[in-house]
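Novice: Next come a sequence and a model predicted from it.
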Amino acid sequence: MCGIVGAVAQRDVADILLEGLKRLEYRGYDSAGVAVIDSRGELRRLRRLGKVQSLADAVHASPTPGGIGIAHTRWATHGEPSEANAHPHMSGDIAVVHNGIIENHETLRDQLKAQGYVFTSQTDTEVIAHLVERELKSADSLLAAVMAARTQLHGAYGMVVIDRQQPDRMIVARSGSPLVIGFGIGEHFIASDQLALLPVTRKFAFLEEGDVAEITRQSVSVFDKNNEAVVREPQESTVEHDAGDKGEFRHYMLKEIYEQPQAIANTLEGRLFNGQLNLEALGDLSDIEQVQIIACGTSYHAGMTARYWIEELAGVACNIEIASEFRYRKSVVRPNSLLVTISQSGETADTLAALRLAKELGFARSLTICNVPGSSLVRESDMALMTRAGAEIGVASTKAFTTQLVGLMLLTVALGRGRGLSTDKEKQIADALTHLPGLIEKALGMNSAIQQLAENFAEKHHALFLGRGDQYPIAMEGALKLKEISYIHAEAYAAGELKHGPLALIDSEMPIVVVAPHNDLVEKLKSNIEEVRARGGELIVFADEAADIRPEANMQVMDVPHCDDIVAPILYTLPLQLLSYHVAVIKGTDVDQPRNLAKSVTVE
Ligand code: AGP
């Protein structure tokens, strides 16, 4: 999704801005642009369709010295991807970059046009530039003009405004789209994600909803939604990962798949030692009678898996819903309900809106299971269980998902203690989690075999993924991974549902991927496999040897290391991630930045 970088410094900022944009590339975008006020006081803007590198080439071909500038990667919402629609947008001496959506842009556009403003793009953002320019005519400062402009904007924004006439300050405003201020010595920065600024600072202050700030080289003044001065204390960043480094790996996605043993060990650090689970961070959940999980995409699949665990192991009622549905329907909240949001980024607009709505609906408290410290979901929830997966750059979520599952297993234990969960069962879970990083390492040994398997798969146009019980959401996750990076149409079904419709799709052109750990449902699953075989389907079964599923005509069986049932959903995710990855590589798609997708979905 769109990315913002801005800087005001005593040195030239163009390279800082471009490096920042490169670090935001993983979020997904279609065009990029930069505007710098140069040493002669000219406002110079360059925009390019496509990759940040072509913008960087253009900047380097026509050097743009200057100590203040803003830059942007755009993910089209209003108006096609094009150079004219790329940010920054300008009006007179004003230049603006913006993340989010201005919902009343049409009304404002009509008003501004009637007043003589000429629009050169189809974007909602251009109205902000003209609005600030108009307000500046009667305001006594750029800050006052932005404050006046924002009262007329409906929708979501994170924006940065500069003025050629005042080349010593940036005005930034946040409502619905995150912004973080970076603190240097005699210089300050702004970005939509701290990753963009890690090469220049590790000291950050997060703006709160409704904040506006005036940022100069020497000072940062922040005002809240009522325009009252407030202090947003800078903190040292705990983000360790250098997003720019793929190491020995060809893609971030593969690197992140291979990081899972360590990522899971990090999730468990301090929470599991000597076979004992320490869940103090989750507090006392004994009053909780019902859990409502809200999430999107892959995080939703983690929540779906957890529903099986929370009801079966903890004995607590659990519902799960997609955030974009929950936020727009009337739901009934039972007393003593815990709201759980799950998010890799902590900034997903729908999930955040659902959390805000839930606060009004009367949930007892809210917990987020999240990977990004300081993100909006973490700051706005009552409790946070950090997954500690490290920065995930590939748009397709991998280690963020498996660490979410580990976090959700910890939540299951915390909920189950003193009710559905026996001490023996808790010990079994602790043992299974202890061995999990090693098992994941072992499962990575399937890589070459899966790479070969992918050769046949890459020519297919459709695929089905099947699972039962807590493996059904894993089949859904496998199908989502394949769709998003290889563009092959894939659907997942609970295997028992096949005969109610999808069986009609089965023929020799339809690969069917099955996840088959050795659990209570395996005999039922075998019958479903036979239903498919009898109709000429081409099966690929990821199975535990103990499940006793043997290769047959039209059926390949891939051995998955034996594991405790309890952690099987986490382990069986691995081969499905590798399968999607290799299919995408063979098809030659952009694995880390698949078309039309964004890493952090900060608009509705
Ligand atoms: C995962 O591969 C996807 N890119 C996507 O479904 C993602 O999980 C979803 O957009 C939710 O994001 P979040 O976890 O950051 O809230």
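Specialist: It's in. Numbering: from 1, shown residues only.
Novice: C-alpha from now on. contacts and neighbour counts both.
Specialist: Will do.
Novice: can you pull the contacts of Phe223?
Specialist: Phe223 makes contacts with 211-213, 229-230, as judged by Cα atoms under 8 Å, 6 or more residues apart in numbering.
Novice: Same check on Ala354?
Specialist: Shown in contact with Ala354 (Cα under 8 Å, 6+ apart): 294, 323-324, 326-327.
Novice: Which helix or strand contains it?
Specialist: helix 349-361 (DSSP states H and E).
Novice: That helix close to the ligand?
Specialist: No: under the criterion of Cα under 6 Å from any ligand atom, helix 349-361 makes no contact with the ligand; the nearest approach is 6.6 Å.
Novice: can you pull the buried residues of that helix?
Specialist: By neighbour count on 16 or more other Cα atoms under 10 Å, the buried set for helix 349-361 is 349-355, 358.
Novice: Give the next helix or strand downstream of that helix.
Specialist: Per DSSP H and E, the first helix or strand lying C-terminal to helix 349-361 is strand 365-370.
Novice: That following strand pairs with which strands?
Specialist: Sheet pairing of strand 365-370 (DSSP bridges) gives strand 337-343 (parallel), strand 383-386 (parallel).
Novice: Mind checking the ones you listed for the one nearest to the ligand?
Specialist: Each of the strands paired with strand 365-370 has some distance to the ligand by Cα to the nearest ligand atom; the shortest is strand 337-343, at 3.4 Å.
Novice: and the angle from the closest one to helix 349-361?
Specialist: With axes from the mean of the first three to the mean of the last three Cα atoms, to 10 degrees applied, the angle from strand 337-343 to helix 349-361 works out at 170 degrees.
Novice: Just the element for Val332, please.
Specialist: Assigned by DSSP H and E, Val332 falls within no helix or strand.
Novice: Show me how far the helix holding Ala354 is from its chain's centre.
Specialist: Centroid separation for helix 349-361 versus its chain: 17 Å, with Cα atoms, centre = their mean, to the nearest Å.
Novice: Please give the number of neighbouring residues around the residue in the stretch 151-300 of the chain that the ligand sits nearest to.
Specialist: The minimum distance from the stretch 151-300 of the chain to the ligand, using Cα to the nearest ligand atom, falls at Gly297 (3.2 Å). Using other Cα atoms under 10 Å, Gly297 has 15 other residues around it.
Novice: just to revisit the earlier point, and the contacts of Ala354, which of them are in strands?
Specialist: When those are checked against strands (DSSP state E), the matches are Ile294.
Novice: Between the contacts of Ala354, identify the one with the most neighbours.
Specialist: Ranked by neighbour count (other Cα under 10 Å), those have Ile294 at the top, with 30 neighbours.
Novice: which residues does it contact?
Specialist: Contact partners of Ile294, counting by Cα under 8 Å, 6+ apart, are 300, 303, 320-323, 326, 339-342, 351, 354.
Novice: swap the cut-off to 6 Å and go again
Specialist: By Cα atoms under 6 Å, 6 or more residues apart in numbering, Ile294 lies in contact with 320-323, 341.
Novice: if I look at it, how far off is Thr351?
Specialist: Applying Cα to Cα, to the nearest Å, one obtains 7 Å for the distance of Ile294 from Thr351.
Novice: between these two, what contacts are shared?
Specialist: Taking Cα under 6 Å, 6+ apart as the contact rule, Ile294 and Thr351 both touch Ala323.
Novice: Which pLDDT value does the model give the nearest residue to Leu179 once chain neighbours are set aside?
Specialist: Closest residue to Leu179 apart from its sequence neighbours, by Cα to Cα, 6 or more residues apart in numbering: Ser192 at 4.4 Å. Ser192 carries a pLDDT value of 92.
Novice: thinking Ser192 is in contact with Ser177, fair?
Specialist: No: between Ser192 and Ser177 no contact is recorded; they are 7.7 Å apart, counting by Cα atoms under 6 Å.
Novice: which of the strands paired with strand 365-370 is buried the deepest?
Specialist: Comparing the strands paired with strand 365-370 by mean neighbour count (mean count of other Cα atoms under 10 Å), strand 337-343 ranks first with a mean of 26.
Novice: With just CA atoms, put it into CSV.
Specialist: The C-alpha coordinates for strand 337-343 follow below in CSV (Å, rounded to 0.1, in the frame of the first residue of the first chain):
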residue,chain,number,x,y,z
SER,A,337,-16.3,-11.4,25.9
LEU,A,338,-12.7,-11.0,24.9
LEU,A,339,-12.0,-9.4,21.5
VAL,A,340,-8.9,-10.7,19.8
THR,A,341,-7.5,-9.0,16.7
ILE,A,342,-4.7,-10.7,14.7
SER,A,343,-2.5,-8.8,12.4
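Novice: check whether that strand contacts the ligand.
Specialist: Yes: residues of strand 337-343 contacting the ligand under Cα under 6 Å from any ligand atom: Ser343.
Novice: that older thread, flag the least confident of the buried residues of helix 349-361.
Specialist: Ala349 (89).
Novice: Quick check: that residue touching Val603?
Specialist: Yes: using Cα under 6 Å, Ala349 makes contact with Val603 at a distance of 5.4 Å.
Novice: wait, what's in contact with Gly275?
Specialist: Contacts of Gly275 (Cα under 6 Å, 6+ apart): Ala430.
Novice: Same question for Glu135.
Specialist: Residues near Glu135 by Cα under 6 Å, 6+ apart: Ala145.
Novice: next one: the one 4 residues further on
Specialist: The neighbours of Ala139, taking Cα under 6 Å, 6+ apart as the test, are Ala145.
Novice: quick one: pLDDT of it?
Specialist: For Ala139, the pLDDT comes out at 95.
Novice: Please pull out the lowest mean pLDDT helix or strand from this structure.
Specialist: One helix or strand of the chain scores below all others by mean pLDDT, DSSP states H and E: strand 272-273, with a mean of 84.
Novice: Could you list every helix and strand in contact with that strand?
Specialist: Judged by 3 or more Cα pairs under 6 Å, 6 or more residues apart in numbering; DSSP states H and E, strand 272-273 is in contact with no other helix or strand.
Novice: Partner strands of that strand and their direction?
Specialist: When DSSP bridges is applied, strand 272-273 pairs with strand 276-277 (antiparallel).
Novice: what about the partner strand, distance to the chain center?
Specialist: Computed by Cα atoms, centre = their mean, the chain-centroid distance of strand 276-277 equals 30 Å.
Novice: Quick check: mean pLDDT of stretch 21-31?
Specialist: Mean pLDDT, stretch 21-31: 85.
Novice: which residues touch it?
Specialist: Residues from elsewhere that reach stretch 21-31 (Cα under 6 Å, 6+ apart): 1, 48-50, 73-75, 86, 196, 393, 593, 597-600.
Novice: between these, which is nearest Ala384?
Specialist: Nearest to Ala384 among the contacts of stretch 21-31: Ser600, at 18.8 Å, using Cα to Cα.
Novice: Please report how far the closest one lies from Ala148.
Specialist: As judged by Cα to Cα, Ser600 and Ala148 stand 29 Å apart.
Novice: Could you check which of these two is surrounded by more residues?
Specialist: Legend: neighbour count by other Cα under 10 Å for Ser600 and Ala148, higher for Ser600 (21 against 16).
Novice: What would stretch 473-488 look like as CSV? C-alpha coordinates only.
Specialist: Extracted as CSV, the C-alpha positions of stretch 473-488 are listed here (Å, rounded to 0.1, in the frame of the first residue of the first chain):
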residue,chain,number,x,y,z
PRO,A,473,-7.8,-23.4,7.7
ILE,A,474,-4.4,-24.6,6.7
ALA,A,475,-5.8,-25.7,3.4
MET,A,476,-7.3,-22.2,3.1
GLU,A,477,-4.0,-20.6,3.8
GLY,A,478,-2.3,-22.9,1.2
ALA,A,479,-4.9,-21.9,-1.4
LEU,A,480,-4.4,-18.2,-0.6
LYS,A,481,-0.6,-18.4,-0.9
LEU,A,482,-0.9,-20.1,-4.3
LYS,A,483,-3.4,-17.5,-5.5
GLU,A,484,-1.5,-14.5,-4.4
ILE,A,485,1.9,-15.3,-5.7
SER,A,486,1.4,-17.7,-8.6
TYR,A,487,-1.9,-16.3,-9.8
ILE,A,488,-3.3,-19.8,-10.1
